[in-house]
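Peer 1: Give me a 3D structure for the following:
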Amino acid sequence: MKNKVSYRFAYVLLLLIIGNTFSLFSQQIDTVEVYSPKMNLEVKNVIILPDGYDAQSDKTYPVVYLLHGYGGNHLSWLKTVKPTLPQLATKLEFIIVCPDGKNSWYWDSPVNPKSQYDTYVSNELVSYVDDHYKTIQSPKGRAISGFSMGGHGALWLTIHHPDVFGVCGSMSGGVDIRPFPNNWEMSKAMGRYADNKSLWDANTVITNVDKLAGIPLIFDCGQDDFFLEVNENLHKLLLTKKIQHTYIMTSGEHNAQYWNKAVEWQLDFFAKFFSLEKSN
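Peer 2: Predicted structure coming up:
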């Protein structure tokens, strides 16, 4: 059996540049490679622990999985989008996990056996995190969100695994893939749209919204984002179906500057969910 951890390290002193100021604090951030039996490959992940995390303690923590967009990797959230994620993990007492989803759109591709990221994130990675960290091992303690491709992925994984993720979100998500048949390598996972319309119809978020009923959901999009129309359509469809959700449309484009602020709304939403579940 392959070793799931190929390397792991902790930043004891992490220096962050925040505007023109510096923040220096002690915190553990692990980078681990987790072996995927289904894909037969190692996948990199960043795992951010809240300051004060103690593996010997009985205290358990909720986990937030944050998915990157097309062209990104496991470092995108921490290095490009939100360098202050460690501080937020400490403030909200979360474990934050950022996997490398390649350009998979977080599907189990029917045509590419090396792109099985639905299984990887929802099963293999979640199992690894629960086995190696002090987590709340139920949907009551797991949230998932992401930006762009990762927004699609977060909703997609929740639709198919409500027994894993209890609350979900999306930032500037590609929540309907069908208007973009020639973009972002989606055809590598689903085949050409012209030849596989039924497959594309079945593998997009907006045609599966009934499965989001009863799941706390937040999604947002900037008013100058090229995904605004599909997000607006999702919002209208959820309203028509009377599926409860929180939708935010505000100023912003499809970029890291927008996601930097949007992720704070999402994490606050998750914090409220975890607090409510803890009190019940």
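
Peer 1: those helices in this protein, which residues are they?
Peer 2: 85-92, 117-119, 126-132, 149-160, 186-190, 197-202, 228-240, 256-279 (DSSP state H).

Peer 1: which stretch among those comes nearest residue 62?
Peer 2: Of all the helices of the chain, helix 256-279 sits nearest to residue 62, with 4.5 Å by Cβ to Cβ. All C-beta atoms are positioned from the backbone trio N, CA, C, and that covers glycine.

Peer 1: Show me what counts as buried in the closest one.
Peer 2: 256, 258-260, 262-263, 265-267, 269-271, 273-274, 277 (16 or more other Cβ atoms under 10 Å).

Peer 1: repeat for stretch 82-97
Peer 2: Applying 16+ other Cβ under 10 Å to stretch 82-97 flags 82-83, 85-90, 92, 94-97 as buried.

Peer 1: Which strand residues bridge residue 34?
Peer 2: residue 43 (DSSP bridges).

Peer 1: Okay, it and residue 76: tell me how far apart.
Peer 2: Residue 34 is 17 Å from residue 76, where distance means Cβ to Cβ, to the nearest Å.

Peer 1: Check residue 30 too.
Peer 2: Separation of residue 30 from residue 76 (Cβ to Cβ) stands at 17 Å.

Peer 1: So for these two, which residue has more residues nearby?
Peer 2: Set residue 30 next to residue 76 and count neighbours by other Cβ atoms under 10 Å: residue 76 wins out with 24 against 18.

Peer 1: got the contact list for the more buried one?
Peer 2: 68-69, 98 (Cβ atoms under 8 Å, 6 or more residues apart in numbering).

Peer 1: Among these, which one sits closest to residue 122?
Peer 2: Closest to residue 122 out of the contacts of residue 76 is residue 98 (15.3 Å), distances taken as Cβ to Cβ.

Peer 1: What is the burial count for the closest one?
Peer 2: Counted by other Cβ under 10 Å, the residues lying close to residue 98 total 28.

Peer 1: ok, now residue 113?
Peer 2: 11.

Peer 1: isn't it right next to residue 39, touching?
Peer 2: Yes. Applying Cβ atoms under 8 Å, one finds residue 113 in contact with residue 39, separated by 7.0 Å.

Peer 1: what sits in contact with each of those two?
Peer 2: By Cβ under 8 Å, 6+ apart, no residue touches both residue 113 and residue 39.

Peer 1: Stretch 123-136: which residues count as buried?
Peer 2: Result for stretch 123-136 [16+ other Cβ under 10 Å]: buried residues 123-126, 128-130, 132-136.

Peer 1: For residue 137, list the residues it contacts.
Peer 2: 60, 130.

Peer 1: how about 10 Å then?
Peer 2: 60, 63, 126-127, 129-131 (Cβ atoms under 10 Å, 6 or more residues apart in numbering).

Peer 1: quick one: it from residue 89, how far?
Peer 2: 18 Å.

Peer 1: before we move on, what about residue 114?
Peer 2: In this view, residue 114 and residue 89 are 31 Å apart by Cβ to Cβ.
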